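Participant: My questions are about this predicted structure, shown below with the sequence.
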Amino acid sequence: MVFFFATAAPISEEMSPKKPKIITVIPIANGRKYSLMKSKFLLLASLGLSTFLVSCKKEETVAKAQVVKEITVSLAAANENPQPAGRTESGSATIKVYSDNSITVEATLVGLSAADNLTLAHFHTGDPVTNGPVVLDLKPTFTGGTVKATLAAVRTSFIDSIKAGIAEIYLNIHSTQVGSGIVRGQLFNPVMFAASVALSGANEVPAVTTTATGTALLRITADNKLYSKVTVTNLEANDALTMSHIHTGAAGTNGAVLIGLCSSAADFGVTKINTPTPAVINSIKADGLYVNVHSTMKASGIVRGQIR
């Protein structure tokens, strides 16, 4: 930095125009002295330079917002609750959280139907088998199967949840053909296996006549937890649900219980979390299995559906 010391005598009207008053400016720079006329111009220039430097400093500060959290999210139609019939779209999203509480999201879908168009994208709260409320509207732009969003000044409580990495938050992308969501992915503890199983009395062996139908949602997450939610509707008035299990066995055969899902009527329609053995996890992912729901009137099974 250069410091200037200036001395000046008052300028009187009697001063000769041929002898302009000299203002001596002595900058301290490398031990040298300079004499300059009209230091007013230097002062103005210095003030202008200072303003410019302050402006640049502000821009530099904005540009230096740092990424404090980056997440890659796996997206799949199979993760939707339930999976849209006949849809197999998948993809991934990169989410970046910055030190100034801004967030960027870039997602790409693979296999989006040419007849479909993406419409909305949100962050929701909910475990892998629960459809939860919107907590942040991304208000993105869409180009084919590409999604881009930039959000500024996101509320601190949400930013803190993302930074902590433990919240039950998922990204859901909607389309014109599937308004409830075409692909979905948990931000943390991703889903490694997903099955949405339709349940009916016709699938029982032998078949059962009943008005009841249902759905079993099964999700295995990266930490080897089994999330399940078994829902049955239109059960006869004189009947009551008792339990449900995953059984071994192909379609048309009855098999042994592999793992329990619901042990009482209160367990239906709510999220249940199990920690299966590695052998059971491998079986759920690969073997011929079915979900069976039991009731007081149909103890051997009232509705059933194949996992595969």
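Facilitator: Right, received. Where do you want to start?
Participant: Do a quick rundown of the helices in the stretch 1-150 of the chain.
Facilitator: Ranges of helices within the stretch 1-150 of the chain are 39-63, based on DSSP state H, counting those that start in this stretch.
Participant: need the strands for it, in chain order.
Facilitator: 3-7, 24-28, 67-76, 90-98, 103-110, 118-125, 134-137, 141-143, 146-151 (DSSP state E, counting those that start in this stretch).
Participant: And the fourth one, what's buried?
Facilitator: By neighbour count, with 16 or more other C-beta atoms under 10 Å as the criterion, the buried positions of strand 90-98 are 90-93, 95, 97-98. Any C-beta I mention is one placed from the backbone N, CA and C, and that applies to glycine too.
Participant: same question, stretch 188-195
Facilitator: For stretch 188-195, using 16+ other C-beta under 10 Å, the buried residues are 188-191, 194-195.
Participant: repeat for stretch 239-250
Facilitator: Buried, per 16+ other C-beta under 10 Å, within stretch 239-250: 239, 241-247, 249.
Participant: Please flag which of the residues you listed sit within strands.
Facilitator: Counting by DSSP state E, the buried residues of stretch 239-250 place 241-247 in strands.
Participant: Quick one: mean pLDDT for stretch 110-120?
Facilitator: Stretch 110-120 shows a mean pLDDT of 96.
Participant: Quick check: the closest residue in space to Ala250 that isn't next to it in sequence vs Lys229, distance?
Facilitator: Closest residue to Ala250 apart from its sequence neighbours, by C-beta to C-beta, 6 or more residues apart in numbering: Gly288 at 4.1 Å. From Gly288 across to Lys229, the span is 22 Å (C-beta to C-beta, to the nearest Å).
Participant: out of those two, which sits in the more crowded spot?
Facilitator: The residue with more neighbours, out of Gly288 and Lys229, is Lys229; 22 against 15, by other C-beta atoms under 10 Å.
Participant: Tell me who's in contact with that one.
Facilitator: In this structure, Lys229 makes contact with 81, 129-130, 216-217, 269-272, judged by C-beta atoms under 8 Å, 6 or more residues apart in numbering.
Participant: Domain parsing of this protein, as residue ranges.
Facilitator: Domain assignment for the chain by automatic domain parsing gives 3-63, 67-186, 191-306.
Participant: shouldn't Ala265 be in contact with Leu235?
Facilitator: No: using C-beta atoms under 8 Å, Ala265 makes no contact with Leu235, being 10.1 Å away.
Participant: hey, what's in contact with both of the two?
Facilitator: Shared contacts of Ala265 and Leu235, counting by C-beta under 8 Å, 6+ apart, come down to Leu241.
Participant: and these two? which has more neighbours close in?
Facilitator: Leu235 (20 against 14).
Participant: Distance of that one relative to Gly185?
Facilitator: 33 Å.
Participant: repeat for Pro84
Facilitator: In this structure, Pro84 and Gly185 are 15 Å apart, going by C-beta to C-beta.
Participant: Tell me which of those two has more neighbours.
Facilitator: Counted by other C-beta under 10 Å, Pro84 and Gly185 do not tie: Gly185 has more neighbours, with 23 against 18.
Participant: can I assume that one is in contact with Leu75?
Facilitator: Yes: counting by C-beta under 8 Å, Gly185 does reach Leu75; the two are 4.3 Å apart.
Participant: any common contacting residues for those two?
Facilitator: Common neighbours of Gly185 and Leu75 (C-beta under 8 Å, 6+ apart) are 92-93, 171.
Participant: which of these lies closest to Gln66?
Facilitator: Nearest to Gln66 out of these is Ala93 (C-beta to C-beta; 20.5 Å).
Participant: Is the nearest residue to Lys163 once chain neighbours are set aside bridged to anything, and to what?
Facilitator: Using C-beta to C-beta, 6+ apart and skipping residues adjacent in sequence, the residue nearest Lys163 is Lys69, 5.3 Å away. On the basis of DSSP bridges, Lys69 is bridged to Val97.
Participant: And Lys69, how close does it get to Thr242?
Facilitator: Taken as C-beta to C-beta, the span from Lys69 to Thr242 is 45 Å.
Participant: and what of Thr176?
Facilitator: For Thr176, the distance to Thr242 (C-beta to C-beta) stands at 42 Å.
Participant: Please apply the same query to Arg304.
Facilitator: 14 Å.
Participant: And Leu120, by the same measure?
Facilitator: Taken as C-beta to C-beta, the span from Leu120 to Thr242 is 40 Å.
Participant: just Gly288 next, same as before
Facilitator: Separation of Gly288 from Thr242 (C-beta to C-beta): 25 Å.
Participant: I'm done for today, thanks for sticking with me.
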